[in-house]
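Undergrad: What follows is a predicted structure for the sequence shown.
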Amino acid sequence: MFFRRKNIACSLTYETIPLSTSLEDLNFVVFDTETTGFQVSAADRIIEIGAVPVKGLEVCGKDIFQTYVNPNRQISREIKELTAISNERVQGAPQVLEAMLSFFDYVESRETVCLVGHYVSFDALALKSEFKRENLKLKNFLTIDTLDLIGFMAPSYDMRDLERYAMAFGTRIYDRHSAVGDALTTAYLFVELLLQFRDRGYITWGELLKATESQTRSMQF
């Protein structure tokens, strides 16, 4: 029997907000995931989602989203050592669909224009793959990658490591390989990049979109 896959959307405002909107008037959610490994389109699963809003070019550090996720599989010793997430910690955690929908509710309630991440294509693929396992197709999902903004602002930089970028731009560094910690580190880096972007005379949503154009940013699955 053929089952038609249903669509699911993340309620973002990018489709309706004017391109002339000032950067100061935009709401972003910066997010990160931790997974059981790097093959998220195959066997690996999400084990944590963390996020923090950026509003008015400031990090809303007290308004954090965090959830562990039960991957229904064993977490390897290597991943446990990297993330400090154990099998015991995720045993009673929400199943992945519940966790992702809770995250999307959080995003919608913050009137978010788009999601932001560092090497965000990996995290977007992790979400997409989990929805695919649930026979759901993710639509209307727009992301900005801090790597693309760095590439526009400082094209001489050629690295991907979040901590090294945070050090290079003089921003805060939180616990690494923690979804919340990496989301906070990315959020402060993103704000610094936005401030420098504005100082160069770029002040609108449309200019930010153009500056961060990439093939992987708009994840229309």
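TA: Arrived safely. These figures come from a predicted structure and were not determined experimentally. Numbering: from 1, shown residues only.
Undergrad: Got the phi and psi for V52?
TA: When quoted as degrees, to the nearest 10, the phi and psi of V52 stand at phi -150, psi 140.
Undergrad: For beta bridges, what are the partners of it?
TA: V30 (DSSP bridges).
Undergrad: Low-confidence stretches in the protein?
TA: Under the criterion pLDDT under 70, the flagged ranges of the chain are 1-5, 215-221.
Undergrad: Of all residues in it, which one is nearest the centre?
TA: Geometric centre of the chain, nearest residue: F31, 3.2 Å, by Cα atoms, centre = their mean.
Undergrad: my guess is that residue contacts T112, does it?
TA: No - if you go by Cβ atoms under 8 Å, F31 and T112 don't touch, sitting 10.0 Å apart. C-beta coordinates here come from the backbone N, C-alpha and C atoms, glycine included.
Undergrad: rewinding a little: P18 versus the residue nearest to the centre of the chain, what's the distance?
TA: 25 Å (Cβ to Cβ, to the nearest Å).
Undergrad: Just the CA atoms of the helix ranked longest in the chain, as CSV, please.
TA: Longest helix of the chain, by residue count under DSSP state H: helix 179-199. Listed next in CSV are the C-alpha coordinates belonging to helix 179-199 (Å, rounded to 0.1, in the frame of the first residue of the first chain):
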residue,chain,number,x,y,z
ALA,A,179,23.7,21.7,21.9
VAL,A,180,23.0,24.6,24.2
GLY,A,181,26.6,25.5,24.7
ASP,A,182,27.3,25.6,20.9
ALA,A,183,24.1,27.5,20.3
LEU,A,184,25.1,30.2,22.8
THR,A,185,28.6,30.4,21.3
THR,A,186,27.2,30.7,17.8
ALA,A,187,24.6,33.3,18.9
TYR,A,188,27.2,35.6,20.3
LEU,A,189,29.4,35.1,17.2
PHE,A,190,26.4,35.8,15.0
VAL,A,191,25.6,39.0,16.9
GLU,A,192,29.1,40.3,16.5
LEU,A,193,29.0,39.5,12.8
LEU,A,194,25.7,41.4,12.5
LEU,A,195,27.2,44.4,14.3
GLN,A,196,30.2,44.4,11.9
PHE,A,197,27.9,43.9,9.0
ARG,A,198,25.8,46.9,10.0
ASP,A,199,28.9,49.0,10.6
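Undergrad: on contacts alone, who are the packing partners of that helix?
TA: In terms of contacts (3 or more Cβ pairs under 8 Å, 6 or more residues apart in numbering; DSSP states H and E), helix 179-199 is packed against strand 27-35, strand 46-55, strand 58-59, strand 114-117, helix 146-153, helix 162-168, helix 205-211.
Undergrad: Direction included, what does the next helix or strand after the shortest one pair up with?
TA: Remark: after strand 58-59, the chain's next helix or strand is strand 65-68, criterion DSSP states H and E. Strand partners for strand 65-68, identified by DSSP bridges, are recorded as strand 46-55 (antiparallel).
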